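*Asks:* Sharing a model prediction with you, sequence too.
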Amino acid sequence: MVKYFCCAGLLKNTWDQVCIAFWQRYPNPYSNHVLTEDIIFREVTPTNCLISRRLLTKTSRAPRWMERYLPKHMASSAYIIEDSIVDPQKRTMTTFTWNISHARLMSVEERCKYRINPENGSWTEMKREAWISSNVYGLSRAIQLRLDVF
Amino acid sequence: MNSVGEACTELKREYDQCFNRWFAEKFLKGDRSGDPCTESFRKYQRCVQKAIKEKDIPIDGVEFMGPNKDKPES
C-alpha cells in the first residue's frame, strides 16, 4: 500500500538563494533530530549540472501513535539519503530523499522540484511529492488514516 | 553540523566552506573555470567513506536517484 501526497509552495526568495541555502540547511532550529550530515558523492556532469548525494542520520523517534506497531527494541538512528541535481542553465533543482534504514518497516520517499516562479522572477516555486508505504500489518492502515487528516 | 565520522567534522567544515563559496560565486554564475575544492573534498571523502564502512551504513549499490526511476514524471 503506497500513500501519495503532493503539495506546492512558494518561497519568497530567488532560486539562487534557495539553492545556496539548501547546502547550508543544517543545523537549524527545526532540525534537532538531524544528528549528522555528509556529502558522500558529488560531481559536475558533462552538461554542467551539479549532482550530489547527502547522507543524513536522524534520531529515530517514532510518533506515539506508531509505537504500538513497532518492535520493542529498534535502532535509535535512521539513515537517509538525499540525491540532488542542480541545473544552473535551466535554473531548476530536483531532490529525491529516502530512508535506507528501517525500510522494511516504513518507506518514505520525497521528491522536491524548485524552479523560478513564472509570475515573479524573484520567487521560487516548490513542488513536493511523497510516497509512503509500509508492509507492517496494521501500520499501513494507521498511516493512511493519519495522512487523510491532512 | 557534525559528520557521521567524528574525526571528519573538521575536514567537512573546511570542504563545506570552500564549496559554498564556489557554488554561489562561480557555479551559479556560469563560471566554469574549475573547482578549487578538489583537494579538500578528497581529504574529507577519504575520512567519511572510511567511517561509513566502519559503521556498516548500507550505501553500497544504491543507484543515484534510484527510487525515482519508477515514479511518474510530475
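*Replies:* Perfect, I can see it now.
*Asks:* And the residue nearest to A:Thr59 when sequence neighbours are not counted, how far from A:Tyr114?
*Replies:* Distances taken as Cβ to Cβ, 6 or more residues apart in numbering or on different chains put A:His33 closest to A:Thr59, at 4.8 Å, once the chain neighbours are dropped. From N, CA and C alone the C-beta is placed, and that goes for glycine too. A:His33 sits at a distance of 23 Å from A:Tyr114 (criterion: Cβ to Cβ, to the nearest Å).
*Asks:* quick one, which of these two is more surrounded?
*Replies:* A:Tyr114 (22 against 12; other Cβ atoms under 10 Å in any protein chain shown).
*Asks:* Export only the CA atoms of the host helix or strand of that one, formatted as PDB.
*Replies:* Assigning secondary structure by DSSP states H and E places A:Tyr114 in strand A:107-116. Below are the C-alpha coordinates for strand A:107-116, written out as PDB (Å, rounded to 0.1, in the frame of the first residue of the first chain):
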ATOM      1  CA  SER A 107       9.500   3.600   3.400                       C
ATOM      2  CA  VAL A 108       9.200   7.400   3.000                       C
ATOM      3  CA  GLU A 109      10.300   8.900  -0.300                       C
ATOM      4  CA  GLU A 110      10.100  12.500  -1.200                       C
ATOM      5  CA  ARG A 111      10.800  14.400  -4.400                       C
ATOM      6  CA  CYS A 112      11.100  18.200  -4.500                       C
ATOM      7  CA  LYS A 113      11.400  20.400  -7.500                       C
ATOM      8  CA  TYR A 114      12.400  24.000  -7.300                       C
ATOM      9  CA  ARG A 115      12.100  26.400 -10.200                       C
ATOM     10  CA  ILE A 116      11.800  30.200 -10.700                       C
END
